[in-house]
Structures are given as C-alpha cells and as structure tokens.
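# I need the structure of the sequence given here:
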Amino acid sequence: MNANTHEVVVVGAGPAGSVAAAVLAKQGCHVLLLDKAKFPRDKTCGDAIGWSSMKLLSDLGLSLESKRQELYVCDKVRAISPNGYVFEGLLPQKDGYRRYGYVVPRKDFDYLLWEFALQQGVRFEQLCVIEPIIERNVVCGVRGSLDGEAVERRARITIGADGANSIIARSLRPGKAAARHRSVALRAYFNGVQDLDHCMEFYFDHTMLRGYGWIFPFGDGMANIGVGLRLDTFYKNGKSLRQVFERFTCSPLVAKRLSKAMQVGEARGWTLSHGPQQLQRAYRGALLVGDAGAFVSPLTGAGIPNALETGRIAAEVALKALQGNSGSLDELHEFEIKWKSVLGQKLGLEAILRALLSWPGILDLMIREMCRSERFAHFVLTRL
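A predicted model of the protein is given here:
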C-alpha cells in the first residue's frame with residue numbers, strides 16, 4: 001500500500017470523524033484523517049454535551065473523568081415558555097446513573113477526541129479537500145489542495161464527516177435540502193454573567209418559534225449564549241440572525257443577567273442540517289456521518305450525540321466491508337439499516353414533537369405540566 005492509498009480516508013476531524021477513525025484504527029485499519037484546520041481549532045456550537053455522549057465515549061475507551069477540570073457539569077435544567085411559565089428541575093436518574101449535562105467549548109472537546117484518534121494509530125493530515133474521486137460510480141478517495149498543489153488521497157472507503165456544508169455530501173447528493181430541514185444559529189461568549197448555577201437554560205419565545213434561545217454556563221461567570229431557529233421560520237421572520245440574537249439578549253430576563261457582563265470575541269453563526277430519514281447516506285465506496293449526513297436532532301438542534309453514534313456505526317460497517325475485501329454499495333448499505341435501528345425511531349419522534357412544539361400554547365402546556373408532574377418531567381428530561 002503506497003503512502004497515498006489507505007484502507008479508509010475520513011474527511012473531517014470533528015466528533016463523528018475522530019470517533020470513526022479511532023474505532024477503525026483500534027481494529028488495525030490504516031486510516032487517514034483529514035481536516036482543513038490545524039488542531040486545536042474552534043468550532044462554533046452551543047457547546048452542550050449530554051450524558052449519552054460521555055457514556056458512548058467511555059464505552060469506546062475514552063473516559064473523560066480525568067479531564068473533569070475541562071468539563072463544566074450541569075445537573076439542572078430551566079425552561080421558560082412563550083407566556084412565561086418556568087420549569088426548573090434536576091436532571092433525573094436513569095438506570096441508576098445521574099444524567100448530567102456538560103458544557104465544554106468545542107475547541108477543547110474536539111481536541112480531546114482528535115488526540116484520542118491519534119493515540120489509536122490514526123494518521124492525520126491537514127488538507128483542504130476539494131472533491132471526492134469518483135471512478136465508475138465508486139468513490140475512491142479525495143482530491144485536495146496542499147500548499148497550493150493538487151493532491152490525491154485514495155482509499156477503499158471514504159467517510160464524509162465534514163459538517164453541514166460537506167463537500168463530500170454536496171458532490172454525492174447535489175442540491176440543497178428544503179428549508180424546513182435546516183436551521184441557523186448564532187452564539188457568543190459572555191464573561192460576568194450573573195446567577196449561573198450549573199443549570200442549562202432554554203428560552204422559548206414568540207419571536208423564535210421553531211427554535212429557542214439558550215444560556216449554557218461553563219464556569220467562572222462564563223456562558224455560551226445563543227439563538228437557533230429553523231431556516232423556513234428564519235426566512236419568514238424578516239430579521240437578520242444578529243437582530244434575533246440582540247432581541248434575545250435585550251429581553252428583560254436575559255438583559256438583567258448581562259447587566260455587568262462583557263461579550264468575549266464576536267458572535268458567530270452556523271448552519272445545521274436535520275434532513276429527512278429517507279436521505280441517502282451510503283454510497284459505493286462512501287458513507288456520510290454526523291452533520292454531513294444530516295443527523296442533527298430536528299427537535300433540539302444537538303449534533304454531537306448522533307455524530308458520535310453514526311461515526312461509531314460507520315466504522316463498524318466499514319470494518320465488515322473491508323474484511324469482505326469490498327466497499328460496494330451492497331455491503332456499505334448496511335449503514336442505512338444500522339443507523340435506523342439505533343436512531344430512526346428517536347429521530348422520527350423528534351420530528352413529530354418539533355411540529356407540535358411550534359405552537360406557543362403547546363409549549364406553555366408542556367412546561368406547565370412538567371411543573372405539575374414529576375413523572376412527566378422525567379419523561380421529557382430523559383429524552384434530552
């Protein structure tokens with residue numbers, strides 16, 4: 001095998017890509033992980049990480065208990081409805097474990113996963129990928145630009161993990177998803193935020209239906225504060241994303257908390273893709289995972305849990321295909337079957353709930369019922 005040919009090339013070293021590469025390398029595969037950025041690098045995000053993500057990483061051999069100083073633990077949730085009903089409660093226990101949430105800047109979290117992948121034997125290269133190599137309808141690797149020169153990195157299987165604006169996905173699946181299957185968000189970091197108490201806060205407002213505002217603390221008076229809403233709603237809104245963000249931060253409940261705070265750096269926006277389940281994610285020689293595969297939660301906009309899960313599943317499917325000495329569509333199609341068995345029901349339910357919770361009255365009713373019924377609150381919170 002020459003230096004430019006690998007068993008698997010993974011494009012994108014975010015959570016999905018790093019996990020896929022790590023699982024493959026741990027099983028002895030020759031894996032090349034590509035990213036246009038040098039690590040550590042920042043990634044615009046809400047920075048919230050759920051208990052299920054931490055458990056999956058622990059199961060794969062990456063326990064972050066020793067890194068707890070880098071993780072801000074949240075044990076409470078606060079939700080404010082459009083008409084001002086407030087729920088506040090502890091994240092519940094399930095299967096004997098407290099389902100803590102964590103807030104950690106993606107610059108730190110992604111670096112931990114990237115380091116883990118390299119420790120498993122993954123080879124990393126900083127490369128700007130331009131397009132997949134497609135020969136006789138089979139993906140055979142990627143072309144990229146390195147120091148101004150065109151290069152090829154060939155592989156038997158290519159895993160596209162290069163985010164919501166994935167070059168791999170756009171080449172294999174031309175055309176944009178409908179606006180109802182995409183979202184936009186904007187966040188900024190603030191220092192000196194008052195009354196932060198290990199609590200993840202969600203604000204549902206009449207001006208942000210099919211979306212929400214958030215305050216996620218990460219220690220020493222610092223917080224990630226942002227807004228996100230579905231793209232079709234954003235278009236109808238008639239306001240820029242920055243205007244939506246400023247309206248949220250100037251609202252009475254939030255402005256009071258920011259009266260002595262300073263914004264750190266600029267507000268930054270990003271797009272999310274939570275495409276329909278019938279989208280194709282497996283191709284001859286290639287798989288799409290994480291945001292590149294449009295696996296973002298349609299309900300919360302969270303991408304990390306499904307990115308980690310689909311990265312793991314893709315690695316398992318790729319290993320089986322390599323053992324069969326093939327990367328054919330027949331073998332890689334198993335990825336579609338496996339991710340649906342793990343995530344299909346969850347994503348389908350989230351899409352239904354998203355439609356229901358687009359109505360202010362239903363949001364009010366849900367949050368009021370969470371205040372009244374501990375059992376109902378447990379049901380909702382264990383699905384975050």
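# how does this protein divide up, domain by domain?
Listed by automatic domain parsing, the domain ranges of the chain are 5-74+103-177+274-355, 179-273+357-381.
# Which stretch among these is buried most, on average?
domain 5-74+103-177+274-355 (a mean of 20; mean count of other CB atoms under 10 Å). For glycine as for every other residue, the C-beta is placed from the backbone atoms N, C-alpha and C.
# Please compute how far that domain lies from its chain's middle.
When distances are taken as CA atoms, centre = their mean, to the nearest Å, domain 5-74+103-177+274-355 is centred 10 Å away from the chain's centroid.
# pLDDT (mean, whole number) over it?
Averaging pLDDT along domain 5-74+103-177+274-355 gives 92.
# Endpoints of it, how far apart?
46 Å (CA to CA, to the nearest Å).
# Can you give me the first-to-last residue distance of stretch 161-177?
Note: stretch 161-177 ends 17 Å apart using CA to CA.
# Identify the residues contacting A150.
I130, R143, G144 (CB atoms under 8 Å, 6 or more residues apart in numbering).
# Give me the three-state assignment for the last one.
The three-state label given to G144 by DSSP: H, G, I helix; E, B strand; the rest coil is strand.
# Beta-bridge partners for it, please?
As for beta bridges, G144 partners with V129, V151 under DSSP bridges.
# That one reaches D162, doesn't it?
No. Counting by CB atoms under 8 Å, G144 stays clear of D162, with 11.3 Å between them.
# picking up where we left off before, closest one to L91 among the domains of the chain?
domain 179-273+357-381 (5.9 Å; CB to CB).
# how much space between H30 and A20?
14 Å (CB to CB, to the nearest Å).
# Identify the contacts common to the two.
What both H30 and A20 touch, as defined by CB under 8 Å, 6+ apart, is an empty set.
# Now do the helices in the stretch 51-200 of the chain.
For the stretch 51-200 of the chain, the helices defined by DSSP state H, counting those that start in this stretch occupy 51-60, 106-119, 167-172.
# what's the last one packed up against?
In this structure, helix 167-172 makes packing contacts with strand 128-135, strand 149-160, strand 286-288, judged by 3 or more CB pairs under 8 Å, 6 or more residues apart in numbering; DSSP states H and E.
# Ok, which of those strands comes nearest V104?
strand 149-160 (24.5 Å).
# could you give the angle of the closest one to strand 128-135?
With axes from the mean of the first three to the mean of the last three CA atoms, to 10 degrees applied, the angle from strand 149-160 to strand 128-135 works out at 70 degrees.
# Mind putting the helices of the stretch 51-200 of the chain into TSV with distance to Q263?
Listed next are those as TSV, based on distance: least, CB to CB, whole Å:
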stretch	distance to Q263
helix 51-60	28
helix 106-119	17
helix 167-172	32
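# Next, work out how far apart the nearest residue to G121 once chain neighbours are set aside and M222 are.
Leaving aside its chain neighbours, G121 sits nearest to A25 (4.3 Å; criterion: CB to CB, 6 or more residues apart in numbering). According to CB to CB, A25 stands 35 Å off from M222.
# just D162 next, same as before
29 Å.
# Please apply the same query to A302.
In terms of CB to CB, A302 sits 20 Å off from M222.
# Same check on C29?
Computed with CB to CB, the distance linking C29 and M222 is 39 Å.
# same thing with I304?
In terms of CB to CB, I304 sits 20 Å off from M222.
# related to what we said a few turns ago, what does the host helix or strand of the residue nearest to G121 contact?
Assigned by DSSP states H and E, A25 falls within helix 15-26. Helix 15-26 is contacted from outside by 7-8, 10-11, 13, 31, 33, 35, 57, 60-62, 109-110, 113-114, 116-117, 120-122, 159, 161-162, 289-292, 304, 307-308, 310-312, 314-316, 318-319, using CB under 8 Å, 6+ apart.
# Also stretch 255-270?
44-45, 164, 184-195, 215, 221-222, 225, 241-242, 245, 249.
# For that stretch, C-alpha coordinates in CSV please.
Provided in CSV are the C-alpha atoms of stretch 255-270 (Å, rounded to 0.1, in the frame of the first residue of the first chain):
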residue,chain,number,x,y,z
ALA,A,255,-30.6,41.6,30.0
LYS,A,256,-30.8,41.6,33.8
ARG,A,257,-28.2,38.7,33.8
LEU,A,258,-26.0,40.5,31.4
SER,A,259,-26.0,43.9,33.1
LYS,A,260,-22.4,43.5,34.3
ALA,A,261,-21.2,41.1,31.6
MET,A,262,-18.8,41.6,28.7
GLN,A,263,-19.0,39.8,25.4
VAL,A,264,-15.8,37.9,24.7
GLY,A,265,-15.0,37.9,21.0
GLU,A,266,-17.5,38.2,18.2
ALA,A,267,-20.9,36.5,17.8
ARG,A,268,-20.6,33.7,15.3
GLY,A,269,-23.2,31.8,13.3
TRP,A,270,-23.5,28.4,11.7
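# Let me see the contact set for A37.
A13, Q126.
# cool, A79 as well?
V86, F87, E88, E201, F202, Y203, F204, I367, M370.
# In TSV: those, plus pLDDT.
Shown next, in TSV, are these (pLDDT from 0 to 100):
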residue	pLDDT
V86	96
F87	96
E88	95
E201	96
F202	95
Y203	95
F204	93
I367	95
M370	95
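# Going by distance to E70, which of those residues wins?
Nearest to E70 among the contacts of A79 is E201, at 21.6 Å by CB to CB.
# What are the contacting residues of the helix or strand hosting the closest one?
Using DSSP H and E, E201 sits in strand 199-203. Under the contact criterion CB under 8 Å, 6+ apart, strand 199-203 has outside partners 48, 74-80, 88, 101, 103, 212-217, 248, 251, 253-254.
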